[in-house]
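Asker: my questions concern the predicted model and sequence given below.
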Protein chains: 4
Amino acid sequence: MMTLDVTRTALLFVDPYNDFLAEQGKLWPMVAQVATEVGLHAHLKAITHAARTAGIQVVIVPHHRWKPGDLDGWSHPNPYMAGGYRRQVFAEGTWGGEWYPDFAPRSGDLICTEHWGSSGFANTNLDTILKQKGITHVILIGLIANTCIESTARYAVELGYHVTLVRDATAAASAEAMRCAHDINAPTYAHVVTTTAELVSALAPLEPPQAAEKQPR
Amino acid sequence: MMTLDVTRTALLFVDPYNDFLAEQGKLWPMVAQVATEVGLHAHLKAITHAARTAGIQVVIVPHHRWKPGDLDGWSHPNPYMAGGYRRQVFAEGTWGGEWYPDFAPRSGDLICTEHWGSSGFANTNLDTILKQKGITHVILIGLIANTCIESTARYAVELGYHVTLVRDATAAASAEAMRCAHDINAPTYAHVVTTTAELVSALAPLEPPQAAEKQPR
Amino acid sequence: MMTLDVTRTALLFVDPYNDFLAEQGKLWPMVAQVATEVGLHAHLKAITHAARTAGIQVVIVPHHRWKPGDLDGWSHPNPYMAGGYRRQVFAEGTWGGEWYPDFAPRSGDLICTEHWGSSGFANTNLDTILKQKGITHVILIGLIANTCIESTARYAVELGYHVTLVRDATAAASAEAMRCAHDINAPTYAHVVTTTAELVSALAPLEPPQAAEKQPR
Amino acid sequence: MMTLDVTRTALLFVDPYNDFLAEQGKLWPMVAQVATEVGLHAHLKAITHAARTAGIQVVIVPHHRWKPGDLDGWSHPNPYMAGGYRRQVFAEGTWGGEWYPDFAPRSGDLICTEHWGSSGFANTNLDTILKQKGITHVILIGLIANTCIESTARYAVELGYHVTLVRDATAAASAEAMRCAHDINAPTYAHVVTTTAELVSALAPLEPPQAAEKQPR
């Protein structure tokens, strides 16, 4: 059974935007089939509820919100980034770039700066805010399993974190992409690949830390 | 005499906020004496004008804007950061955290993400946007000579950039701090320490690049 | 057809060790089937020959060589790293940790510092030496497609490089892992996924740059 | 009085080479006057002894050892780096690039990869090995106060570490450079600037941690 140190662990929720999670979202059609099959929304709810109850730090890890002219003069945005630009994904000031209501940040959550590529650590302040919170272990949920989740997780390992993936609290464009993420690639870098049920079981009995128990370090 | 390749060079303008540059700004009293002695505002104007005329990419490198609760639960913010927090420096949504009007971003400028410590490269997207623009050389102006300018410059060198400092287009809390920055420390890491007059002379004859001359790389 | 700027492009050869590429190597059994099917050795020879003939910078990107006690006291090496430690992969001072003779560094090649995880950029000097050489485009070959090659490529994109993968100049533990790397994941981050034949065709007509043509930048 | 958590603190000893610390070393003349005035060698001995006795992790943070051709084809090494290259400082395979005997690594010490510029964190594995050891606080000693020590310390802060400098366990080219490092710049980023006497007092009563007390995290 998993054991967790709630004072050392953060839940990283990647890209909880309407464009990903709402039925009218621009990217929902891409992930809808897998998301429905794995029960994505229910699992994200169960995990965020259990994590907050246990006192685990929740960190929102948001993708860059589209702005006009974003890629002007860039030598070589990659095709995926260029595609997102053309479709104006997560456009700033629009509904698609707003938090999906069920997963909007709550009081006490942290929001790191936006990542432009795939890794939540690249070119953002995620590492430094985790360090200042004494976090050594991260659990990743959200979207997409083989893009932002995987890149963020690969970076986390290189940065020295203990990394847990949750195979039914994410989604992707196909069942094959999910298998690549969790069964082919994750075993080569992640510490734990678990399920929502297991993770919630591990979180359930945990007491939130008292303020006095966590000393400045 | 300095030579510059306008297609490869960016002007990094660090922290052009009212709190630093305006007479009522919270940090103006700290830098006022040196800023006045070196002619800071006139030099910043001369350089930004010459750079834009020559077609050099201007990048605004902004400090983190204060928000309530910023440091809640941090293990060990440093004393300088804690002091800025107490004084609510560059507070978001206030005049002090707005651009000083003379140096507000213009069309075509880039604005990288905010740095929380001293280095404009640490925990921001500055490096990646410079790379995508083909930039290999940076010129640093703005505030403060021995804090954000120096840390940004030290990072730039480690990242492989050619680094130019401008001794009278910055300021600090004392003449001694200016001397530390430019005469004691800069020679150990920077490529060039110059003056506004020299820099503007080097920029004056340059033609802006035609769009066709800069191919994607 | 691909076009390449030889002065801006580097060939990154990941992990050309005996333990990976020689028949008695510790990891050869893991990759032997795929390596044989894709014609790995012949393709690596063809590409390195064509690259050197065209004057492209070759950079050896080596994995950490095992040393006794490497992971002593580590909080949480990942299972893959722990497995490599137990098997003493690429052990320093042994044949397995020596270069596979056909792919040993040649005069003019660069060797960056060793990566301990999967990314050749993480915790190494690879980025800075590429920047100092004016490199903006990287081509990745070597091992393993879905581990070190993929992590290095994902980092390269985040760092602002243009990234080319070569689907038959690498190998993996299974055909499925190759498909994950090149058909499922690469399209979400890489700029080009090509073949040895196409790459060699693009390299063949290129003239090596004359020293005088490449000015310091 | 300082308090230290021995399980969370590392002593970073920067550049303990003969070329810096021995009378015949190439760089000894540059630092000799200040080093003698502050009692450098005696203080380095006192601190390393007290740290090891208390069970604090010692990490050697070594500068790049000179090799022929190191900077061949580099676009723009900085003047300081170019000067070190010409003088063949810390040359690999020579006495000058060997550890100064009194401060050679002991069993249990860690040695991170070599830094080429000034920061022990830039382009090295220092951050990741500290994270894997659970280190959140660093104390910096060695050379030079306003170059490698200062750059390493500035990086440490950005990475989220708590940073302590020791004003008489380092040296520089002049008393003014020492003052810049400790009195002008350090207060803008470091957490603590202390002395050898204070540090040794804080370390003296500490018990080394028992293996069982430090759980994997």
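Answerer: Sure thing, it's come through.
Asker: mind listing the helices for chain A?
Answerer: Under the criterion DSSP state H, helices of chain A are mapped to A:18-21, A:28-38, A:40-54, A:79-87, A:126-132, A:150-158, A:175-179, A:196-203.
Asker: if you skip the residues just before and after it, what's nearest to the residue of chain A most remote from its centre?
Answerer: Within chain A, residue A:73 marks the point farthest from the mean C-alpha position, 29.8 Å out by C-alpha atoms, centre = their mean. For residue A:73, ignoring the flanking residues on the chain, the nearest one in space by C-beta to C-beta, 6 or more residues apart in numbering or on different chains is residue B:133 at 6.1 Å. (Glycine included, C-beta is placed from N, CA and C.)
Asker: that neighbour: neighbour count?
Answerer: Neighbour count of residue B:133, defined by other C-beta atoms under 10 Å in any protein chain shown: 20.
Asker: surely it touches residue B:10?
Answerer: Yes - using C-beta atoms under 8 Å, residue B:133 is in contact with residue B:10, at 7.0 Å.
Asker: identify the contacts common to those two.
Answerer: residue B:57 (C-beta atoms under 8 Å, 6 or more residues apart in numbering or on different chains).
Asker: re earlier: out of the helices of chain A, which is closest to residue C:190?
Answerer: The closest of these to residue C:190 is helix A:79-87. By C-beta to C-beta, the value is 8.3 Å.
Asker: and the closest one, does that touch chain B?
Answerer: No - judged by C-beta under 8 Å from any C-beta of the partner chain, helix A:79-87 and chain B are separated, with a smallest distance of 10.2 Å.
Asker: now that helix: average pLDDT?
Answerer: If you average the pLDDT over helix A:79-87, you get 94.
Asker: between helix C:150-158 and that helix, find me the angle.
Answerer: Helix A:79-87 and helix C:150-158 meet at an angle of 40 degrees, taking axes from the mean of the first three to the mean of the last three C-alpha atoms, to 10 degrees as the criterion.
Asker: which positions in helix A:79-87 come out as buried?
Answerer: Across helix A:79-87, burial judged by 16 or more other C-beta atoms under 10 Å in any protein chain shown covers A:80, A:81, A:84, A:85.
Asker: the second one: what's it in contact with?
Answerer: Contacts were defined as C-beta under 8 Å, 6+ apart; by that measure residue A:81 touches A:71, A:116, A:117.
Asker: next up, the contacts around the last one.
Answerer: Right, residue A:117. By C-beta under 8 Å, 6+ apart, residue A:117 lies in contact with A:81, A:123, A:151, B:128, C:157, C:158, C:189.
Asker: with those residues in mind, which one is nearest to residue D:166?
Answerer: Using C-beta to C-beta, residue A:123 comes nearest to residue D:166 of the contacts of residue A:117, at 33.6 Å.
Asker: and which of the buried residues of helix A:79-87 is nearest to chain B?
Answerer: Distance to chain B across those (C-beta to the nearest C-beta) is lowest for residue A:81, with 10.2 Å.
Asker: so how far is residue A:44 from the closest one?
Answerer: Residue A:81 is 25 Å from residue A:44, where distance means C-beta to C-beta, to the nearest Å.
Asker: okay, now residue A:29: neighbour count?
Answerer: So residue A:29, with other C-beta under 10 Å, has 10 neighbours.
Asker: for it, what are its contacts?
Answerer: Contacts for residue A:29 were tallied using C-beta under 8 Å, 6+ apart; there are none.
Asker: repeat for the one 4 residues further on
Answerer: By C-beta under 8 Å, 6+ apart, the residues touching residue A:33 are residue A:174.
Asker: same thing with residue A:89?
Answerer: Residue A:89 neighbours (C-beta under 8 Å, 6+ apart): A:19, A:26, A:27, A:63, A:66, A:96.
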